[in-house]
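Undergrad: Need a 3D model of the sequence below.
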Amino acid sequence: MKILGLVKTSTVDYPSKLVSTIFLGGCNFNCEYCHNRDLIKPEDSVPSISEDELISFLKGRRNIIEGLCITGGEATIWGEKLISLVRKIKSELGNDFLIKLDTNGSNPNFLRDYANEFDYIAMDFKTTNYKKYLNFSDEIIKESLNILKNTKIPYEIRITMYPPYIKEEDMESIAKILEGIDKVFLQEYKPVEFGSQEIYSLPILEKFKDILIKNGVSIEIR
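TA: Take a look at the predicted model:
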């Protein structure tokens with residue numbers, strides 16, 4: 001497991017908290033709109049941060065930050081290695097040091113076994129047709145959503161509004177899939193080199209939001 005990036009201070013990665021953020025290498029998806037494409041299959045030679053270096057850094061900022069966001073890549077592909085790091089951080093900095101997980105929802109077994117190791121979980125929902133766009137099972141994503149619905153850990157679902165993956169006619173299907181989810185956010189897509197250059201305007205996002213609300217989804221635009 002390689003820690004390939006570190007943001008020392010972030011106000012946007014953990015709701016209402018000041019945290020540091022680390023980026024783990026490796027991902028099992030290849031989303032067209034990914035802003036961390038170099039983390040999908042990183043070169044072995046890419047410099048990394050050791051776990052001891054990370055913990056030493058976090059200790060030095062303990063009076064500034066409230067926790068750590070772990071993102072990627074896709075952090076859950078590291079399984080027990082990731083959990084070992086989480087437990088080491090909690091042991092060294094205390095249980096009140098918050099740890100948030102960002103995930104694409106592709107690993108329900110990990111969430112089932114380890115969701116309670118985290119203080120907050122954010123899961124990305126990417127499309128109503130994972131098989132078509134990401135060569136992945138829609139049912140596995142739904143399984144992860146159901147696990148989060150039934151966990152006591154605070155969580156949120158994020159939808160990056162990438163036009164090729166999500167269209168107006170998908171809104172009612174999305175509403176059915178996200179039924180029972182407490183907190184959903186629509187996020188504007190920011191164009192990347194290899195992705196679509198089309199974006200949804202704010203009025204269109206508001207229209208999508210209204211459709212989802214009418215179908216019983218608690219949702220905000222972030």
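
Undergrad: For the rest of this, base every contact and every neighbour count on C-alpha atoms.
TA: Will do.

Undergrad: Roughly how far does residue 190 sit from residue 197?
TA: Applying CA to CA, to the nearest Å, the value for residue 190 to residue 197 is 8 Å.

Undergrad: quick one: which of these two has more around it?
TA: Applying other CA atoms under 10 Å to residue 190 and residue 197 shows that residue 190 carries more neighbours, namely 17 against 13.

Undergrad: Excluding sequence neighbours, find me the nearest residue to the more buried one.
TA: Spatial nearest neighbour of residue 190, excluding adjacent residues (CA to CA, 6 or more residues apart in numbering): residue 199 at 7.2 Å.

Undergrad: The one you found against residue 163, yeah?
TA: Yes. Judged on CA atoms under 8 Å, residue 199 makes contact with residue 163 at a distance of 6.5 Å.

Undergrad: Not counting residues beside it along the chain, what's closest to residue 174?
TA: Here the residue nearest residue 174, using CA to CA, 6+ apart, is residue 128, at 6.6 Å.

Undergrad: Now for that neighbour: which residues touch it?
TA: Residue 128 makes contact with 138, 165, 166, 170, 173, 174, according to CA atoms under 8 Å, 6 or more residues apart in numbering.

Undergrad: Give me the distance between the nearest residue to the fourth one once chain neighbours are set aside and residue 95.
TA: This means residue 170. Sequence neighbours aside, residue 128 is the residue nearest to residue 170 in space, at 6.9 Å (criterion: CA to CA, 6+ apart). Distance, residue 128 to residue 95, by CA to CA: 37 Å.

Undergrad: picking that back up, what about the contacts of residue 128, which are in helices?
TA: In helices, defined here by DSSP state H, the members of those are 138, 173, 174.

Undergrad: And for the second one, nearest residue in space, chain neighbours not counted?
TA: With sequence-adjacent residues excluded and distances taken as CA to CA, 6+ apart, residue 173 is closest to residue 128, at 7.2 Å.

Undergrad: so is the one you found in a helix, a strand, or just coil?
TA: coil (DSSP: H, G, I helix; E, B strand; the rest coil).

Undergrad: all strands for the chain, in order.
TA: 3-10, 19-24, 67-71, 98-103, 120-124, 155-161, 184-188, 219-221 (DSSP state E).

Undergrad: Same list (those) but as a markdown table, adding mean neighbour count, distance to residue 212 and mean pLDDT.
TA: A markdown table is the format used below for those (neighbours: other CA atoms under 10 Å; distance: least, CA to CA, whole Å; pLDDT from 0 to 100):
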| stretch | mean neighbour count | distance to residue 212 | mean pLDDT |
| --- | --- | --- | --- |
| strand 3-10 | 16 | 30 | 96 |
| strand 19-24 | 24 | 31 | 98 |
| strand 67-71 | 24 | 27 | 98 |
| strand 98-103 | 23 | 23 | 98 |
| strand 120-124 | 21 | 17 | 98 |
| strand 155-161 | 21 | 12 | 97 |
| strand 184-188 | 18 | 10 | 96 |
| strand 219-221 | 16 | 7 | 95 |
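
Undergrad: Many thanks, I have nothing further to ask.
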